[in-house]
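> here is my input; please provide its structure:
(chains A, B, C and D)
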Number of protein chains: 2
Amino acid sequence: MSAIEFRDHDHAACMRSTMQAAEAQCTARGLRLTPVRRRALEILLAEHRALGAYDLLAHLSAEGLGTQPPVAYRALDFLVKAGLAHKIEALNAYVGCVQPGADHAPAFLICRGCRSVAEAETTPSQSRLGDAARAAGFRIERSVVEAEGLCPACQKDDI
Amino acid sequence: MSAIEFRDHDHAACMRSTMQAAEAQCTARGLRLTPVRRRALEILLAEHRALGAYDLLAHLSAEGLGTQPPVAYRALDFLVKAGLAHKIEALNAYVGCVQPGADHAPAFLICRGCRSVAEAETTPSQSRLGDAARAAGFRIERSVVEAEGLCPACQKDDI
DNA sequence: TCAGTCATGTTATATCATATCAATACGAAA
DNA sequence: TTTCGTATTGATATGATATAACATGACTGA
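As a prediction, the model looks like this:
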């Protein structure tokens, strides 16, 4: 686990390779990465931050790619289902996935200062929650693991 | 960990003891469990299910305890801050806490069939997410751990 | 080319949540 | 016990998030 999101890195290269991986995924699985969807993903990936659906819509709208909420929600729905983006439940916002294709159960570190989001891997089945689920006879289908706090940069500013 | 929420139990006694514990908490900490707040908590605890703020408002309203959204949100805000209720982020809904006072970082098992919610204990600092946070220099302040799936009863109905 | 499916455009509305300000109730200190 | 400050409630309005529904257009394969 690296949390590259909180660190300086060659973000242009980071975006390029992520977009390539996303395209490869779509091709391999017969999914159509249409202009709106592609642009939506680029916008989400532009920064490692969570964007609200209406923030995304504002970007798309400024580029003439649609003006009504369903435009944004459809694009997000596609990206989330395809595993190319994730919803951050604690913020009702969305973030581009930096490991598209990895069939993962991601966990997130969310900075309340700058709204940056880092993606980590978890294995819910091995967690204590997994133990609890087994003990209760509960069948887990989806898990949400999100930690809010301060990233290294924001810790310097805030106290 | 017991997940009593998914099992048959003496729910009347369960509610009584939880309410008593909640009162004790409030007394000990100088918090005011006013009629609206108390009733809101009772309504949340009536079933081990997540209730939307407007669902709660409908109940309160039917009892003449307020008709406008802020009534429900204020009561929920109080209960959540006091640790007497929890917000289920994945549902934008609220559930009464069955262990009031325990200064806990709860995790939830959420049934998508009947919307029942069971509360489990986790220790985020010991999880792999905690490892990731430490490695990244991220300071966790709050964590959201929610697993959606099917409870034992609903597994029988739904495949 | 035609049918079927997927995607988009558009309007309307549902659902979740908070800002604001006025009025009232409560508790502590004088 | 009066007074002051704070917490709570009442009420109106609005903001923020999300989806239903239906029409139109585009691509795909028989």
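> what comes into contact with the lowest-mean-pLDDT helix or strand in chain A?
The helix or strand of chain A with the lowest confidence, counting by mean pLDDT, DSSP states H and E, is helix A:128-136 at a mean of 87. Helix A:128-136 has contacts (C-beta atoms under 8 Å, 6 or more residues apart in numbering or on different chains) with A:124, A:138-140, A:143, B:1-3, B:6, B:107, B:109, B:118, B:120-123, B:127, B:145, B:147, B:149, B:151-152. For the C-beta atoms, the positions are set from N, CA and C on the backbone; glycine is no exception.
> can I get the buried part of those residues as one ChimeraX selection?
Selection of the buried residues among the contacts of helix A:128-136 in ChimeraX, burial being defined by 16 or more other C-beta atoms under 10 Å in any protein chain shown:
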select /A:124,138,139,140,143 /B:1,3,6,107,109,118,120,122,127,145,147,149,151
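> any idea how far residue A:8 is from the nearest residue to residue A:150 once chain neighbours are set aside?
The shortest distance from residue A:150 to any non-neighbouring residue, by C-beta to C-beta, 6 or more residues apart in numbering or on different chains, is to residue B:139 (4.9 Å). To residue A:8, residue B:139 is 19 Å away according to C-beta to C-beta, to the nearest Å.
> and if you look at residue A:40?
Taken as C-beta to C-beta, the span from residue A:40 to residue A:8 is 26 Å.
> again with residue A:81
For residue A:81 relative to residue A:8 (C-beta to C-beta), the value is 32 Å.
> likewise for residue A:151?
13 Å.
> let me see the mean pLDDT of the lengthiest helix in chain A.
The helix spanning the most residues in chain A, taking DSSP state H as the definition, is helix A:11-29. Mean per-residue pLDDT for helix A:11-29: 94.
> next helix or strand past it?
helix A:35-46 (DSSP states H and E).
> quick one: buried residues of that following helix?
A:36-41, A:43-45.
> which one among those gets closest to DNA strand C?
Within the buried residues of helix A:35-46, distances to DNA strand C taken as C-beta to the nearest atom of the strand reach their minimum at residue A:36, with 4.3 Å.
> could you measure from the closest one over to residue A:58?
14 Å.
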